[in-house]
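Asker: Give the three-dimensional model of this entry:
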Amino acid sequence: MLTFTAHTLEKLELLLKTAGYKVRYEKGNFKTGACLLLNSKMIVINRFSNLESKILALAELLRDLEVDINLLDDKQFAFLQQLKQTKLEL
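Answerer: The predicted structure is shown next:
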């Protein structure tokens, strides 16, 4: 279960950064709170979304992305596995 704290958001951002993705916070009209720009490994998060929406959007993207597990350390790999096994309810 994910907790909706700034620490969880930082863990998600660090996991994505380690996997080679860039996370940016911009204003936008995204239905999910986030947008993945194809072929660029850039994730844009709606900066006006609340903390819970940001965490849920990043977690949902991480569940669907193909992440090279060789880039991750043990804690990040365990966190990613936990995310992929948890069904998120929006």
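
Asker: ranges for the strands of this protein?
Answerer: Along the chain, the segments classed as strands by DSSP state E run 22-26, 34-37, 42-46.

Asker: Put together a markdown table for these, with distance to residue 8, mean pLDDT and mean neighbour count on each row.
Answerer: Where C-beta positions appear, they are placed from N, C-alpha and C, glycine not excepted. Converted to a markdown table, these look like this (distance: least, CB to CB, whole Å; pLDDT from 0 to 100; neighbours: other CB atoms under 10 Å):
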| stretch | distance to residue 8 | mean pLDDT | mean neighbour count |
| --- | --- | --- | --- |
| strand 22-26 | 14 | 91 | 14 |
| strand 34-37 | 15 | 71 | 17 |
| strand 42-46 | 14 | 88 | 19 |
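
Asker: The nearest residue to residue 73 once chain neighbours are set aside: neighbouring residues, count only.
Answerer: Distances taken as CB to CB, 6 or more residues apart in numbering put residue 18 closest to residue 73, at 7.8 Å, once the chain neighbours are dropped. Residue 18 is flanked by 15 other residues according to other CB atoms under 10 Å.

Asker: Can you give me the pLDDT of residue 18?
Answerer: We have a pLDDT of 94 for residue 18.

Asker: again, but for residue 87
Answerer: The model's pLDDT for residue 87 equals 62.
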